[in-house]
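In: what's the 3D shape of this:
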Amino acid sequence: MKSKILLIGIDGLNLNSALEASPAIAALKDTAYFSELTMQPPTWSGPSWSTLLTGTTHEQHGVRDNSFMGHRLLYFPDLLSLAYYQDQSTTTFAAAGWPPLVDPAGHAPVIQERREQQKAFRHRVIVRDGETYGYTLIDAQIQDAALYAIGNHGPDVSFVYFCGVDEAGHVYGSVGPEYKEAIARIDTYVDNLLKAVQVRSEQGEPWLVVITTDHGHLDAGGHGGDTPQERASFVFAQGFGRPNPTWPQRIEPHDLTPLLIAERAG
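Out: As a prediction, this is how the structure comes out:
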């Protein structure tokens, strides 16, 4: 049986802070595959998530900043689309509160709309707007939608995105209690998703859960530059009902999607 894949994206997560403030994520350090990532500058969310989700470099996909102007994403399908094109029985799910990732009305999105597959119930997209309504509210809605999808449908390949940590980093900096409080809140959501996946795996479904981030944060808050702190990212990959992946000890950001597609090919 092919492994189902859940990719959880946590925007702007500093790993050292995460290990201090997030018991669920920190526990993966002892059980999951782990690799540090060094993101390609500029360390904005637009180019970084485009690289992570399409398996291409900034030069290839053409995303230079969060405006997405001049992008070439139509030529470089995302993880969910690639999985579907590989096997058209594949069901996919995406939920995000940052519109450029999933909203076809904007300049992107990184996750392709695939309207025909949506009509055929092969692809479902949850679009929310944390920029307008705040990520404390919107991340909770994203969690609820993801839990419903996993519990009731068990999509073959999913991407679930949270941005409250990045929001806190910009407002309060990345070393204060507010940043760690945001991490703890998202960690609760991650823990709930892991428990939902565990239930599915106990019913005989193999799952691979992957957690990553698009960039770090300066102590005072902010990113976009090429300092080690801003370029710092990571990957955890935990198998449920299957072994952890045997990936190279160190991978590059553009390696992630091809590795996940290979896991689906099995």
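In: mind listing the helices for this structure?
Out: 15-21, 23-31, 45-54, 58-61, 79-86, 99-102, 115-119, 130-133, 135-152, 164-172, 177-201, 228-231, 256-265 (DSSP state H).
In: How about the most centrally placed residue in the chain, nearest residue that isn't a chain neighbour?
Out: Centroid-nearest residue in the chain, with C-alpha atoms, centre = their mean: Gly9, separated by 2.3 Å. Taking C-beta to C-beta, 6 or more residues apart in numbering, and ignoring the residues beside it in sequence, Gly9 has Tyr161 as its nearest neighbour in space, at 4.3 Å. From N, CA and C alone the C-beta is placed, and that goes for glycine too.
In: got a list of what the one you found touches?
Out: Tyr161 sits next to 8-11, 94-98, 101, 142 when contact means C-beta atoms under 8 Å, 6 or more residues apart in numbering.
In: and if we set it to 10 Å?
Out: Contacts were defined as C-beta atoms under 10 Å, 6 or more residues apart in numbering; by that measure Tyr161 touches 7-11, 45, 49, 53, 94-98, 101-102, 110-111, 126, 128, 130, 139, 142, 146, 214.
In: repeat for Ala108
Out: When contacts are taken as C-beta under 10 Å, 6+ apart, Ala108 is in contact with 46, 49-50, 63, 66-68, 71, 73-74, 98-102.
In: which of the residues you listed sit farthest apart?
Out: The span of the contacts of Ala108, defined through C-beta to C-beta, is set by Leu74 and Trp98 at 19.5 Å.
In: which secondary element of this structure has the worst mean pLDDT?
Out: Comparing every helix and strand of the chain by mean pLDDT, DSSP states H and E singles out helix 15-21 as the least confident one, with a mean of 92.
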